[in-house]
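Trainee: build the 3D model from these lines:
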Amino acid sequence: MRRALNSLHSQLVLLVILALATAQAISLWLFVDERSLAVRAALGAETAGRAANVARLIEEAPASLHASILRAANSPLVRFAIAPEPEVGHTSHDGSGIVEERVRALLDGNFNREIRVELHEVDSAGLPLPHLNQEMAAMHREMMRGHMSAIELKLSIALSGSQWLNVGTRFERPPLQWPLYSTLTFALTAGFMLIVVFWFLMSRVTGPLRRLSVAADRLGRGEELATLPAVGPCEVQDLTAAFNRMQERLTRFVADRTRLLAALGHDLRSPLTAMRVRAEFVDEEETRDSLISSIEEMQSMVDAVLAFSRGLAVSEPLETCELGSFLERLQADMLDRFDLRPGAETVVGLQPNAMRRALRNVIDNALRYGGWARVGYGNDGKNALITVADSGPGIPAEDLERVFDPFLRLETSRSLETGGYGLGLSIARTIARTHGGDITLANRPDGGLLATLSIPLAGGEPEIET
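Mentor: Residues are numbered from 1 along each chain as shown. The predicted model follows:
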């Protein structure tokens, strides 16, 4: 799951979903805010118009009709009253200027008339509006979905005769709504974009990158690969083309070096053979034997160098096998010269001949310096592990890595019987690394050396599509 979430494909899909959700939320917030402002402006204009008309009507009608006019003008949303004192002590400055200007314009633009407007927020935790009955209040509360915050407008208009017309109303904020069509629109938009993004990413970006990753890993293991097709965006195509050029150059470099070493080996064999023939004609037996021994050693060194070169250059297809069975066959081939300890069932992809050669070199070293070898195997969940333990003298800590250098021998006698040519561990590490693994050495606490060979488990690599 963690690997899936860390992939480029998953992160881009999540990014698209997050961007869509954020854009939709911002659009909804802006829509609700604009709708709230529009509703408040409409209600404010309506209240201002009604207040101006009632004020003009009261001033033009006889006092006996004032009560009737107020009863006719009152509604559950707007209340009118005449009083000797204004309910509004002073004009607020929060959007009230528009209401005042509208009232003054409807009253023939009289700038001498005093008009006071007050706007403030109120908590409508009780009845939604102060003059609604219980039934209408319940309906209003359900319509507003419990969000009862409102803006209260109070208006005091000076009338002739030292009277004031006091007006009061509330503007409920429209609740946040998510209509069905908005949900369907969001779902369809998100689904369409995800389909397009999924197709584009899989076919044009992540697919080629994944194939390139697998090809690079297999190239590092020495496998032969066909040229990868350059598909996808131009950056991915350039990367694929660069990989193909690198693969071609590496293949050509290894092939040229192999041909050079093969030619060198062939050219060295001819004079060595001639020297061997001429050495046979030397009369003095001691000199003849010494010459023949030196020539044979030179011939063995040439063969070892060529074998080392072939170990680096020869490509062998991977075969999936169970590690325990593979080691049992190797034990039989080596005539039970080492002790095999049972381990957990482990499936790996191996180049069988190369891996046999690597293990033989490590086991032969253990037998040569320790007298016996114990081989174990298992896995740590990611890599297969093969251990080779002996009871020899061990290796100084500063030389645990140096012994993998070609032709390096810690044994100073230079005798082939005790040290060989110093290529065994180099070949073994080279083979392990072509499998994507490695070999490490460590001194055992109770004496001797422990060699650990690790290789990736099988089954985790997709096929390369061409």
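Trainee: only C-alpha atoms for contact and neighbour calcs from this point on.
Mentor: Will do.
Trainee: note down every partner strand of the helix or strand residue 157 falls within and its orientation.
Mentor: Using DSSP states H and E, residue 157 falls within strand 149-159. On the basis of DSSP bridges, the sheet neighbours of strand 149-159 come out as strand 115-123 (antiparallel), strand 163-172 (antiparallel).
Trainee: if you average pLDDT over each of these, which is lowest?
Mentor: Mean pLDDT values for the strands paired with strand 149-159 show the minimum at strand 115-123, a mean of 78.
Trainee: walking through the stretch 151-300 of the chain, point out its helices one by one.
Mentor: In the stretch 151-300 of the chain, the helices defined using DSSP state H, counting those that start in this stretch lie at 180-200, 206-220, 234-279, 285-313.
Trainee: most tightly packed of these?
Mentor: Stretch with highest mean neighbour count among those: helix 206-220 (a mean of 18; mean count of other Cα atoms under 10 Å).
Trainee: grab the nearest non-local neighbour of residue 186.
Mentor: Leaving aside its chain neighbours, residue 186 sits nearest to residue 24 (7.5 Å; criterion: Cα to Cα, 6 or more residues apart in numbering).
Trainee: check which helix or strand the one you found maps to.
Mentor: According to DSSP H and E, residue 24 maps onto helix 8-60.
Trainee: mean confidence for that helix?
Mentor: Mean predicted confidence for helix 8-60 is 76.
Trainee: off-centre distance for that helix?
Mentor: The chain centroid and the centroid of helix 8-60 are separated by 39 Å under Cα atoms, centre = their mean, to the nearest Å.
Trainee: tell me the most buried of the strands paired with strand 149-159?
Mentor: The highest mean neighbour count among the strands paired with strand 149-159, using mean count of other Cα under 10 Å, belongs to strand 163-172: a mean of 22.
Trainee: show residues contacting that one.
Mentor: Contact partners of strand 163-172, identified using Cα atoms under 8 Å, 6 or more residues apart in numbering, comprise 39-40, 43, 47, 51, 55, 77-87, 129, 148-159.
Trainee: same check, this time on stretch 195-205
Mentor: Applying Cα under 8 Å, 6+ apart, the external contacts of stretch 195-205 come out as 9, 13, 207, 231-233, 236.
Trainee: which one among those gets closest to residue 449?
Mentor: Nearest to residue 449, judged by Cα to Cα, of these is residue 207 at 45.0 Å.
Trainee: what's the helix holding residue 24 packed up against?
Mentor: helix 66-73, helix 96-106, strand 149-159, strand 163-172, helix 180-200 (3 or more Cα pairs under 8 Å, 6 or more residues apart in numbering; DSSP states H and E).
Trainee: surely residue 121 meets residue 154?
Mentor: No - using Cα atoms under 8 Å, residue 121 is not in contact with residue 154; the gap is 11.4 Å.
Trainee: mind checking the SS state of the residue lying closest to residue 344 once chain neighbours are set aside?
Mentor: Setting aside the residues directly before and after it, residue 344 is nearest to residue 378 in space (Cα to Cα, 6+ apart), at 5.1 Å. Classification of residue 378 by DSSP: H, G, I helix; E, B strand; the rest coil places it in strand.
Trainee: give me the neighbour count for residue 378.
Mentor: A total of 19 residues lie near residue 378 under the criterion other Cα atoms under 10 Å.
Trainee: okay, and the beta partners of it?
Mentor: Residue 378 has these beta-bridge partners by DSSP bridges: residue 385.
Trainee: surely it meets residue 384?
Mentor: Yes - Residue 378 is within contact range of residue 384, at 5.9 Å (criterion: Cα under 8 Å).
Trainee: the chain - how does it break down into domains?
Mentor: Following automatic domain parsing, the chain resolves into domains at 2-177, 208-315, 317-456.
Trainee: could those domains go into CSV alongside distance to residue 184?
Mentor: Below are the domains of the chain laid out as CSV (distance: least, Cα to Cα, whole Å):
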stretch, distance to residue 184
domain 2-177, 12
domain 208-315, 33
domain 317-456, 45
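Trainee: so which of those domains is the most packed in?
Mentor: With a mean of 17, the top stretch among those by mean neighbour count (mean count of other Cα under 10 Å) is domain 317-456.
Trainee: just how off-centre is that domain within its chain?
Mentor: Worked out by Cα atoms, centre = their mean, domain 317-456 lies 37 Å from the chain centre.
Trainee: list phi and psi for residue 282.
Mentor: Note on residue 282: backbone dihedrals following degrees, to the nearest 10 are phi -70, psi 130.
Trainee: spatially nearest residue to it (excluding sequence neighbours)?
Mentor: Nearest residue to residue 282 in three dimensions, chain neighbours excluded: residue 288, at 5.5 Å (Cα to Cα, 6+ apart).
Trainee: residue 440 versus that neighbour, what's the distance?
Mentor: Separation of residue 288 from residue 440 (Cα to Cα, to the nearest Å): 44 Å.
Trainee: quick one on the thing from earlier: can you lay out the strands paired with strand 149-159 as a markdown table showing distance to residue 100?
Mentor: Output for the strands paired with strand 149-159, formatted as a markdown table (distance: least, Cα to Cα, whole Å):
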| stretch | distance to residue 100 |
| --- | --- |
| strand 115-123 | 7 |
| strand 163-172 | 13 |
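Trainee: show me where the stretch 351-466 of the chain has its helices.
Mentor: 352-370, 424-434.
Trainee: please name whichever of these is nearest to residue 98.
Mentor: Comparing those by Cα to Cα, helix 424-434 comes nearest, at 81.0 Å.
Trainee: how far off helix 206-220 does that closest one point, in degrees?
Mentor: If you take axes from the mean of the first three to the mean of the last three Cα atoms, to 10 degrees, helix 424-434 sits at 170 degrees to helix 206-220.
Trainee: please save the CA atoms from helix 424-434 in PDB.
Mentor: Provided in PDB are the C-alpha atoms of helix 424-434 (Å, rounded to 0.1, in the frame of the first residue of the first chain):
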ATOM      1  CA  GLY A 424      37.700 -16.400  -6.900                       C
ATOM      2  CA  LEU A 425      36.000 -13.800  -4.700                       C
ATOM      3  CA  SER A 426      36.200 -11.200  -7.400                       C
ATOM      4  CA  ILE A 427      34.300 -13.500  -9.800                       C
ATOM      5  CA  ALA A 428      31.800 -14.400  -7.000                       C
ATOM      6  CA  ARG A 429      31.000 -10.800  -6.200                       C
ATOM      7  CA  THR A 430      30.700  -9.900  -9.900                       C
ATOM      8  CA  ILE A 431      28.200 -12.700 -10.400                       C
ATOM      9  CA  ALA A 432      26.200 -11.700  -7.300                       C
ATOM     10  CA  ARG A 433      26.000  -8.100  -8.500                       C
ATOM     11  CA  THR A 434      24.800  -9.100 -11.900                       C
END
